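> Give me a 3D structure for the following:
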Amino acid sequence: MDEKLLLDRITYNPKIFCGKPIIRGHRLAVEHVLGMLAAGDTTETILTGYAWLEREDVLACLAYARRVVGHERIEPLLVPTGT
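Numbering: from 1, shown residues only. The predicted structure is shown next:
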């Protein structure tokens, strides 16, 4: 599936989780799905727990995370020494 179509599944609603990214307007945060994947849950396990969830929704969470991390930059903080 095209990345844009996947990312269209990620929505925001200020009344749900204070505007955190959620899946298709449901009360399931992207970070929750990513946390389940990080804990070792399989896509199949996650889909079993949420009957309305689709495989593409899980892929959308991964695409969203990749997009966010892709824009992240770390800059070293140079602290002068006392010499």
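
> Low-confidence bits of the protein, can you list those?
Residues of the chain meeting the criterion pLDDT under 70: 83.

> Whichever strand or helix holds Val68 - contacts with which helices or strands?
Using DSSP states H and E, Val68 sits within helix 55-70. On a contact count with 3 or more Cβ pairs under 8 Å, 6 or more residues apart in numbering; DSSP states H and E, helix 55-70 meets helix 3-7, strand 10-11, strand 22-23, helix 30-38, helix 43-49. Every residue, glycine included, has its C-beta placed from N, CA and C.

> Return the most buried member of the ones you listed.
strand 22-23 (a mean of 22; mean count of other Cβ atoms under 10 Å).

> for that one, the distance to its chain's centre please.
Taking the mean of its C-alpha atoms, strand 22-23 sits 8 Å from the chain's own mean (Cα atoms, centre = their mean, to the nearest Å).

> Stretch 51-68 now?
That offset, for stretch 51-68, works out to 7 Å (Cα atoms, centre = their mean).

> Equivalent analysis for stretch 50-58, please.
On Cα atoms, centre = their mean, the centre of stretch 50-58 falls 13 Å from that of its chain.

> cool, stretch 35-50 as well?
The answer for stretch 35-50 is 13 Å, by Cα atoms, centre = their mean.

> So which residues lie in contact with it, not counting its own?
Leu28, Val33, Leu53, Glu54, Arg55, Val58, Cys61, Leu62 (Cβ atoms under 8 Å, 6 or more residues apart in numbering).

> what's the first-to-last distance across stretch 24-41?
21 Å (Cα to Cα, to the nearest Å).
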